[in-house]
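# Provided below are the primary sequence and the corresponding predicted coordinates.
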Amino acid sequence: MTVNALYPDYQGKVRDAESNFHGGRLLYVAWNRHLMFTNPFAYLVQPDMKFGDFVKTVMAPSFETHPDWAKIDWTKVTWHRKGESFAPDCSKTLKENGLAHKAAIQFSTPGLDGIGGLGI
Amino acid sequence: MRLLYIALQENEEALPIIDSIIEDNPSATVRRYPGMVRIEADGRITVKRATVEGRLMRDWDPQELHLHLISIAGNVHETDDEFTLHWGTAEEMEK
Amino acid sequence: MSTTKKLGLREKYRLMTRGLGWETTYQPMDKVFPYQSFEGIKIHDWDKWEDPFRLTMDAYWKYQAEKDRKLYAILDAFNQHNGHLNISDARYVNSIKLFLQGITLSEYNAHRGFVHLGRQFRGVGPRVASQMQALDEIRHAQTQIHALSHYNKYFSGFHGFQGMYDRLWYLSVPKSYFEDALTAGPFEFLTAISFSFEYVLTNLIFMPFMSGAAYNGDMATVTFGFSAQSDEARHMTMGLEVIKFMAEQDPDNIPIIQRWMDKWFWRGYRMLVLVAMMMDYMLPKKVMSWSEAWEMYFEQAGGALFEDLARYGFRMPKYADVSVKEKDRYSHEAWAALYHYGAAAGLHTWIPTSEEMEWMAEKYPNSFEQFYKPRLDYWDEQQKAGKRMYCASLPQLCQVCQIPAWFTEPDDPTQLCHRETEYKGETYHFCSDGCCDIFKGEPEKYIQARLPTHQIYQGNCGGASIEEVLKWSGIEVGHDNLDYLGSDDQKNWERWKHQTAVEKKIA
Amino acid sequence: MIEIRTATIEPLRNTFDHVARVLGGDKPASRYLEGTLKLQSEANFNYQALWDKEHELYDPSRTAIEMADWYAFIDPRQFHYGSYTNARSRQQEAAESNFDFVEKRDLLRFVDDAARQKMARVLVPLRHYEWGANMNNSFIASFAYGSMLNIPATFHAMDRLGIAQYLTRIGLLLGGVETVDAGKDAWLNDPAWQGLRKVTEDLFVEKDWFEVFVAQNVVGDGLIYPLVYRHFVQDIGVQGSTVAMLTEFMSDWSDESSKWVDSVIRIAAAESEKNRQQLAIWYKKWKALTLAAVRPIATDLAGVSAETLQNIENALDARAKKLGLEIGGL
């Protein structure tokens, strides 16, 4: 829909265009059934970073305070994007994995259901 | 139930007003909270100048309600002699 | 000769207000009132406006001065007698820190909106009503600052409220809400603030919260709170009048207003999550739960209101049903998130005491012990083991309400709710269908949202480290933030209470 | 309540950070300063207004006047809402008892018809001038940059509504609703009032709020108030004492509020030569227009001599000069 304004063609400034992030881009990550982290995290990442490195060097410091993190069997982890399953290639870059600016991904760790198995 | 209410601060000066409202609206429910009284009714609540003046023993302008009012729900109808809360249109109310 | 006496209240008031205005002829009315029509609202007869309360300026000055004299007498006594020592517990003070940080300058923003309308509305009746409300909003901002000025002298978290409002991440929630309304047209502003906020939602801030302040021994807050509420009754009446007036003017107005009601109900409801958290977690002595307050003030009172408005063709705001589904989790999700970001807040957070948890279990029998207590218990254990949870990763924010995406699916409180959409090749993320719909209604507006997380990453917030960003936001690191346990507030409070006890003994 | 010796509990700080920065250190601050400084957002605005393409929501560029610090405008009255309503409430109490006194004793019956008509012809249409001043000050209040100007401008706007209402009551006392209606008709149609109405309406479409401030609060009021509430009321003679009672609010108000008006001009003019020039240009422009508009009211309706009007103009020029505006040079 268009915005009804006093002057014609009301246009907003895109505040978060990729070009505003000095070569980086945004990537959002949530860990399903682990609500000890109350919300998804937003990361500023370099598009040519390998997905595997992203997990190890960017995600780990955020999530490793959870006792389940160390127990994750990465071969069993499932990833989702826009409600569909997504199979990232750890040896490829974020860009090559199709993670454009402001992509949001979720991961599930079967068998690991948070503190006390309560999704926390 | 079409809930209407008026909430007033509970203080010395507001007490005669609160008591008058209770007297004039016998079917109303009175709820007391810390520092506050909430009077609830179905359909209509009236604050009458004459009743309040009777208790205060002085002239009282319904606009003095502003000094103690906390909240209301309902449409407001104000005259020199009454302050009324109601649901529905003004014409329905006047019936 | 005494003609005034013969005039009834209504006639006299008409003469004293709309009688003053005139149709301009040296300048066209459309140029004098340029903002009147672009929103699409059709007004045929401004005279049909019913004045909500008929206060002339002399009566206004008289009553308001009397209210303020009483208010300041109590504040003076409060200050002179160190009234802050009578509160239930120093944790309580954090609720009024949040109030000063988030609400006070929002009152000022509301003032600017109403003073703008007080000049720009074409009808004289609503213009005068807007002006009085503009004046009241100055009162609210100032009396809040004056009441909390004493607390500022003795507790952390108050001193930087002015700079925080423009900069601190969670305050972008109320800031963006008010800026959204202020940048809208005049009729939308009134629907947003006078109706959706003042009429439908402010009771949720003032009534339970102020009763809570009374119950927690905070005479300063309860006094300004109830005193401000006495103005709100006028504002609420105006809110309802605005809707009825627009609806009666033209049937074409109904769908426009309904869209605004939907938008602003959801916008306001999301902002109130901060109040939900204050009520359930930040008041050491509790008056009523968020869930009870929502039932009483929204489901019952709002229900009766929308039943009344049905005759114009209005229905309950969209997603009101979601708010009811969320009432058992609203405060718990918010407090958990704030606790988890406790290093980045301008106030202290803590794990509730076991008595408080019992109260919550009783008030939230279907949710607290199942979903929220175990998380608090785990954090409590960690804290006792010296590993207090302080999350350092920035949150994903909702493009519309700007709250971290901590809300869960309406039908599954264990699953985070996430919606996304594309607009002109860019992706946008939302916490709910409510916020997503608002975006889709006016995408060009919401693409401009200044989301704190993104601003930090763009380098606009004082630096790259959390410490630099906090400093830039007005937080004294190590004093205003972190857990209540071990805070300056806690230490001072215990010292003062000890001193008081000793002095009492000596006396 | 627990009584405790204040000496034993030391405050950690005396005021808020932003107030301390203005005071140059952490010192106890007045309620005026704590309640007025920097309430307006200054940065990080989210959305472009649907009704204004050119400016930020709060934007100093809405006037040609430039200030390094928009919080330099200290109100000499130091009004915050509480002290403002208190002052006005005392004044309204006095006004109320004056109106009561006149009404109860029916004092206007001692005023002869000619004088009564003269009063009605001058005072009653002025309620619309006041309403215009209310609109102009509401405009100033909504676009002025910063809470230090916007708050007193709001008070000023409300004062004008109050004065318009007092003038309405005078109209009602003089001859009921008919007289009030006749006053409106004069404002709309009587040639003597058309100049002032045109100036008022022209101000409704001015874009620079500071220019409106100069035109309305300095020039307009600087001519109208002495003309009406000093000379006209006095010149009406013994019978004028009743009118003087009924207009006491206005003359007291003018004495008090012009201190604030003057301070705004003085501070803006002292800031820079550029400001001073700009203010002088506006002053001259609006004085010429307003003076021409006021002349028929003074001579045809109020019976004030050309000489008196010249004195009023001279006094206003002297005031403007004292505030830093170069009058002769432009």
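In hand now; what should we look at?
# can you pull the contacts of residue 14?
In the absence of a named chain, chain A is used. C:Lys424, C:Glu426, C:Ile447, C:Gln448 (C-beta atoms under 8 Å, 6 or more residues apart in numbering or on different chains). Where C-beta positions appear, they are placed from N, C-alpha and C, glycine not excepted.
# hm, I was asking about chain D
By C-beta under 8 Å, 6+ apart, the contact set of D:Asn14 is C:Lys153, D:Ala20, D:Asp26, D:Lys27, D:Pro28, D:Ala29.
# shouldn't the last one be in contact with D:Asp17?
This points to D:Ala29. No: the pair D:Ala29 and D:Asp17 fails to qualify as a contact (C-beta atoms under 8 Å) at a distance of 11.3 Å.
# got the phi/psi numbers for the residue in chain C that chain B sits nearest to?
Nearest residue of chain C to chain B (C-beta to the nearest C-beta) works out as C:Ala214 at 3.8 Å. Per-residue torsions, C:Ala214: phi -60, psi -40 (degrees, to the nearest 10).
# count of neighbours near it?
22 (other C-beta atoms under 10 Å in any protein chain shown).
# could I get the pLDDT score of it?
At C:Ala214, the pLDDT value in this model is 89.
# do the same with the one 3 residues further on
C:Gly217 carries a pLDDT score of 94 in this model.
# try A:Ser85
Per-residue confidence (pLDDT) for A:Ser85: 95.
# and D:Arg169, by the same measure?
96.
# surely it is in contact with D:Asn98?
No: between D:Arg169 and D:Asn98 there is no contact under C-beta under 8 Å: 10.6 Å.
# of these two, who's got more company?
Taking other C-beta under 10 Å, D:Arg169 and D:Asn98 do not tie; D:Arg169 has more neighbours (22 against 18).
# from chain C, how far out is that one?
6 Å (C-beta to the nearest C-beta, to the nearest Å).
# and that residue, that's in a strand?
No: under DSSP: H, G, I helix; E, B strand; the rest coil, D:Arg169 falls outside any strand and is assigned helix.
# what helix or strand is whatever residue of the stretch 101-250 of chain D ends up closest to chain B located in?
Relative to chain B, the nearest point of the stretch 101-250 of chain D is D:Gln165 (14.9 Å; C-beta to the nearest C-beta). Assigned by DSSP states H and E, D:Gln165 belongs to helix D:147-189.
# and if you look at B:Arg55?
helix B:49-56.
# I'd like to know which elements the helix or strand following that helix is packed against.
Downstream of helix B:49-56, the next assigned helix or strand under DSSP H and E is strand B:69-73. Helices and strands touching strand B:69-73, by 3 or more C-beta pairs under 8 Å, 6 or more residues apart in numbering or on different chains; DSSP states H and E, are strand B:3-9, helix C:202-215, helix C:219-249, helix C:301-309.
# next one: the third one, is it in contact with chain B?
Put plainly, it is helix C:219-249. Yes: using C-beta under 8 Å from any C-beta of the partner chain, helix C:219-249 reaches chain B at C:Val222, C:Phe226, C:Gln229, C:Ser230, C:Glu232, C:Ala233, C:Arg234, C:Met236, C:Thr237, C:Leu240, C:Lys244.
# so that helix, near chain A or not?
No: using C-beta under 8 Å from any C-beta, helix C:219-249 stays clear of chain A, coming no nearer than 15.2 Å.
# pull out the buried positions in the helix or strand that that helix is followed by.
Counting by DSSP H and E, the next helix or strand C-terminal to helix C:219-249 is helix C:253-271. Using 16 or more other C-beta atoms under 10 Å in any protein chain shown as the test for burial, helix C:253-271 gives C:253, C:256-271.
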